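J.: task: produce atomic coordinates for the following.
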Amino acid sequence: MPLDRLSDFKSFKPGMNKPIRKAIFPVAGLGTRFLPATKAIPKEMLPLVDKPLLQHAVEEARAAGIEDMVFVTGRGKRAIEDHFDTDMELNKTLEVRHNLEALDAARNTEIEPGRLFYTRQTMPLGLGHAVWCAREMIGDDPFAVILPDDFILSDTPCLKQMVAHYAQVGGNMVAVVDVPRDQVKRYGIVDVAQDQGRSVVVAGVVEKPNPDQAPSTLAIIGRYILQPDIFKHLERHRPGAGGEIQLTDAMAQLIGLQPFHGFRFDGRRFDCGSKIGFLEASIAHALTRTDMADNMRTLLRQYGRACGQ
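T.: Numbering: from 1, shown residues only. Take a look at the predicted model:
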């Protein structure tokens with residue numbers, strides 16, 4: 001990577017902080033780690049208490065000012081389309097029963113007509129390929145990518161924090177967290193050119209490196225802000241780690257040509273792609289809810305005593 005070009009980043013800012021109004025949600029995965037639950041239900045529709053993972057992600061996008069939602073789906077994902085559609089019969093039934101709380105919950109799932117788009121990823125060729133599948137719906141606009149598996153609890157939604165910082169620095173941005181060195185082989189890892197506290201200037205990215213070869217322990221998690229230039233690199237369909245088309249490989253091509261930052265967000269991230277992470281996220285989410293936090297604490301104390309804690 002041409003490190004001498006990092007000093008040129010400031011010259012790119014004015015044209016690369018265009019507002020983010022579109023987001024891609026890659027939701028074509030099979031969810032095999034959650035079988036048999038995901039045999040008929042998309043993994044992204046598994047609920048944290050009473051709200052699907054994907055709805056949490058959509059609400060985070062809305063809070064960040066996103067208007068257009070692009071779902072990259074696959075076979076067996078019809079439940080996603082139905083969830084975000086308007087169910088006139090259900091709404092009418094809830095109205096007749098005067099169940100206004102449930103009616104509000106149902107209506108909050110609806111996405112405004114003309115703002116919800118679907119495209120198919122017909123082959124499981126990796127995250128980079130999934131993002132490339134949405135290219136026609138993104139066009140020449142910068143966009144966000146949200147991975148619903150990464151659930152983030154925070155006072156200010158993670159993507160909203162990123163959008164605010166993006167307005168200052170422009171270019172491309174990824175959310176990052178520090179991970180133990182023995183876990184870096186599970187993530188894309190950033191090479192840090194300059195640590196600015198809240199964010200870092202990225203000199204490079206490496207997908208799933210061995211611990212002794214990792215340039216840092218700052219791992220990229222499932223929130224991205226990207227410029228549309230990335231599509232010309234993704235369309236080459238070059239396989240990377242694991243034989244898949246890696247988003248990090250395409251991002252690496254932009255470093256040195258455009259501003260590129262890693263952003264340390266305020267909040268706690270849960271890996272809902274694993275069973276234990278999903279269970280932990282469910283508990284943590286329940287503890288934030290005024291309607292069930294007290295009961296949840298009572299249950300945890302009871303189980304703690306039963307386990308001798």
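
J.: what separation do you get for the nearest residue to Cys272 once chain neighbours are set aside and Leu94?
T.: By the measure of CB to CB, 6 or more residues apart in numbering, the closest residue to Cys272 outside its immediate chain neighbours is Phe278, 4.5 Å from it. The C-beta positions use only the backbone N, C-alpha and C, and glycine is treated the same way. According to CB to CB, to the nearest Å, Phe278 and Leu94 sit 29 Å apart.

J.: so where is the stretch 1-150 of the chain shaky, pLDDT-wise?
T.: 1-16 (pLDDT under 70).

J.: hmm, Arg297 is touching Leu287, no?
T.: Yes. Here Arg297 reaches Leu287: they are 7.1 Å apart, a contact under CB atoms under 8 Å.

J.: all helices for the stretch 51-200 of the chain, in order.
T.: 53-63, 78-83, 88-96, 100-107, 127-132, 135-138, 158-169 (DSSP state H, counting those that start in this stretch).

J.: who touches the closest residue to Pro215 other than its chain neighbours in this structure?
T.: Using CB to CB, 6+ apart and skipping the chain neighbours, the partner closest in space to Pro215 is Asp191 (3.7 Å). For Asp191, the contacting residues are Met1, Val202, Ala203, Gly204, Val205, Val206, Pro215, Ser216, by CB atoms under 8 Å, 6 or more residues apart in numbering.

J.: sort out for me which of the residues you listed are in strands.
T.: Under the assignment DSSP state E, the contacts of Asp191 contribute Val202, Ala203, Gly204, Val205, Val206 to strands.

J.: can you put these in JSON lines and add pLDDT?
T.: Putting the ones in strands among the contacts of Asp191 into JSON lines (pLDDT from 0 to 100) gives the following:
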{"residue": "Val202", "pLDDT": "94"}
{"residue": "Ala203", "pLDDT": "92"}
{"residue": "Gly204", "pLDDT": "91"}
{"residue": "Val205", "pLDDT": "90"}
{"residue": "Val206", "pLDDT": "88"}
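
J.: any chance of these in a markdown table, plus distance to Ala134 and neighbour count?
T.: Conversion of those to a markdown table gives the following (distance: CB to CB, whole Å; neighbours: other CB atoms under 10 Å):
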| residue | distance to Ala134 | neighbour count |
| --- | --- | --- |
| Val202 | 23 | 30 |
| Ala203 | 28 | 19 |
| Gly204 | 25 | 19 |
| Val205 | 21 | 26 |
| Val206 | 25 | 20 |
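
J.: closest to Lys77 out of these?
T.: Set against Lys77, the nearest of those by CB to CB is Val205 (29.1 Å).

J.: just to revisit the earlier point, got TSV for the helices of the stretch 51-200 of the chain, with mean neighbour count and distance to Phe270 too?
T.: Listed next are the helices of the stretch 51-200 of the chain as TSV, based on neighbours: other CB atoms under 10 Å; distance: least, CB to CB, whole Å:
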stretch	mean neighbour count	distance to Phe270
helix 53-63	21	10
helix 78-83	14	21
helix 88-96	12	30
helix 100-107	12	22
helix 127-132	25	19
helix 135-138	17	28
helix 158-169	20	12
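
J.: want to throw those into TSV with distance to Ile225?
T.: Below are the helices of the stretch 51-200 of the chain laid out as TSV (distance: least, CB to CB, whole Å):
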stretch	distance to Ile225
helix 53-63	12
helix 78-83	23
helix 88-96	35
helix 100-107	29
helix 127-132	12
helix 135-138	12
helix 158-169	5
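
J.: mind checking which of the ones you listed is nearest Thr38?
T.: Comparison of the helices of the stretch 51-200 of the chain against Thr38 by CB to CB identifies helix 78-83 as nearest, at 10.7 Å.
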